[in-house]
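In: Got a sequence here, can you build the structure:
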Amino acid sequence: MLGPTASGKSELAVKIARAFNGEIISADSRQVYKGLDIGTGKVPKDEISNFKFLISNYYYQNIPHHLIDVVSPKKNFTVAHYQKLARKAIFDIWRRGKLPILCGGTGLYIDAVVNGIVIPEVKPNKKLRRKLERKTTEELFEILKKIDSERAKNIDGKNPRRLIRAIEIVKSLGKVPTFKTKPLQVEILKIGIKRDDAALKTLIEKRLLRRIDEGMIEEVKQLRQENLSWKRLEDLGLEYRYVARYLQNKISKIEMIEILKKEIRRYSKRQITWFKRDKKIIWIRNEKEAMMLLIKFKKL
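Out: Residues are numbered from 1 along each chain as shown. The predicted model follows:
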């Protein structure tokens with residue numbers, strides 16, 4: 001279950017899980033971090049005291065959710081880490097006779113799991129990082145475009161941490177890496193939620209205002225109290241980046257909201273661009289279409 005941000009993936013995935021005896025694996029690059037709740041749109045966690053046998057640390061509407069709250073936000077969590085844990089969760093769900101449902105909008109994470117991209121192990125280059133950290137985000141993006149134009153098309157161009165890591169990988173290998181793949185050897189149904197531009201824009205803006213009302217700014221304040229640096233908050237992207245700037249009095253609250261509306265829309269367009277490359281995705285507009293696809297898939 002995939003699609004752009006704010007398209008309604010999480011709630012639809014829960015309905016599918018309930019109807020087809022499934023469990024959900026989050027495919028979101030920030031929901032893996034503890035404490036990043038409102039800003040990443042985690043589904044609310046159930047009170048789990050009544051569960052006799054726990055197979056996950058995170059339940060929503062009695063449905064187990066995997067790969068949520070697995071690491072401190074002070075630590076880096078790579079695609080390779082995600083791939084290993086997500087595949088482990090999928091095989092465990094299959095072993096117990098249930099349906100694994102990978103749900104999220106981080107295309108690279110989904111591809112890493114489904115297509116089994118073998119990601120090169122590249123150790124951090126501290127000398128190169130110090131050099132790159134002195135450059136602006138715009139300069140980093142231009143460097144990446146020159147050495148790996150394909151990666152530049154799909155990366156968050158305003159996230160310096162990801163830009164530096166992408167440059168580091170290419171510099172270490174001496175060339176743009178050619179990724180090998182080890183796809184999952186099972187039948188896979190890829191369902192994408194489609195929203196027209198105007199509807200998605202409205203959903204994004206309403207969700208942003210709701211998150212602010214729910215305490216997104218207070219969440220960032222709490223992360224700061226837990227000694228998360230301003231730089232790390234910037235690295236965590238979008239909501240955390242611009243709320244951090246607001247809390248440092250670099251921008252006003254109104255500016256923060258308007259910038260976030262614009263940047264989240266841009267992010268959704270990058271997601272759509274990424275997913276359009278995959279011709280195996282079947283795009284649906286509502287729950288009924290999704291359920292019909294699942295019924296046919298389960299009969300195969």
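In: Grab the CA positions of the longest helix seen in the chain and hand them over as CSV.
Out: Longest helix in the chain, counting residues (DSSP state H): helix 253-276. Listed next in CSV are the C-alpha coordinates belonging to helix 253-276 (Å, rounded to 0.1, in the frame of the first residue of the first chain):
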residue,chain,number,x,y,z
LYS,A,253,4.7,30.9,12.8
ILE,A,254,2.8,32.1,9.7
GLU,A,255,5.9,31.7,7.6
MET,A,256,6.5,28.3,9.0
ILE,A,257,3.0,27.1,8.0
GLU,A,258,3.2,28.6,4.5
ILE,A,259,6.6,27.1,3.9
LEU,A,260,5.5,23.7,5.1
LYS,A,261,2.5,23.7,2.9
LYS,A,262,4.7,24.4,-0.1
GLU,A,263,7.5,22.0,0.8
ILE,A,264,5.1,19.1,1.7
ARG,A,265,3.4,19.5,-1.7
ARG,A,266,6.8,19.4,-3.4
TYR,A,267,7.7,16.3,-1.4
SER,A,268,4.4,14.6,-2.6
LYS,A,269,5.3,15.4,-6.2
ARG,A,270,8.7,13.7,-5.7
GLN,A,271,7.0,10.7,-4.3
ILE,A,272,4.6,10.5,-7.3
THR,A,273,7.5,10.8,-9.7
TRP,A,274,9.3,7.9,-7.9
PHE,A,275,6.2,5.7,-8.0
LYS,A,276,5.4,6.4,-11.6
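In: just checking, what packs against that helix?
Out: For helix 253-276, the packing partners by 3 or more C-beta pairs under 8 Å, 6 or more residues apart in numbering; DSSP states H and E come out as helix 107-114, helix 149-154, helix 197-214, helix 238-247. All C-beta atoms are positioned from the backbone trio N, CA, C, and that covers glycine.
In: can you tell me which of these the model trusts least?
Out: Note on these: helix 149-154 shows the lowest mean pLDDT, a mean of 81.
In: next one: it to chain centre, how far?
Out: Offset of helix 149-154 from its chain centre (C-alpha atoms, centre = their mean, to the nearest Å): 17 Å.
In: need the helices and strands packed on helix 253-276 in TSV with mean neighbour count and distance to T273, can you?
Out: Listed next are the helices and strands packed on helix 253-276 as TSV, based on neighbours: other C-beta atoms under 10 Å; distance: least, C-beta to C-beta, whole Å:
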stretch	mean neighbour count	distance to T273
helix 107-114	22	9
helix 149-154	14	7
helix 197-214	15	13
helix 238-247	22	17
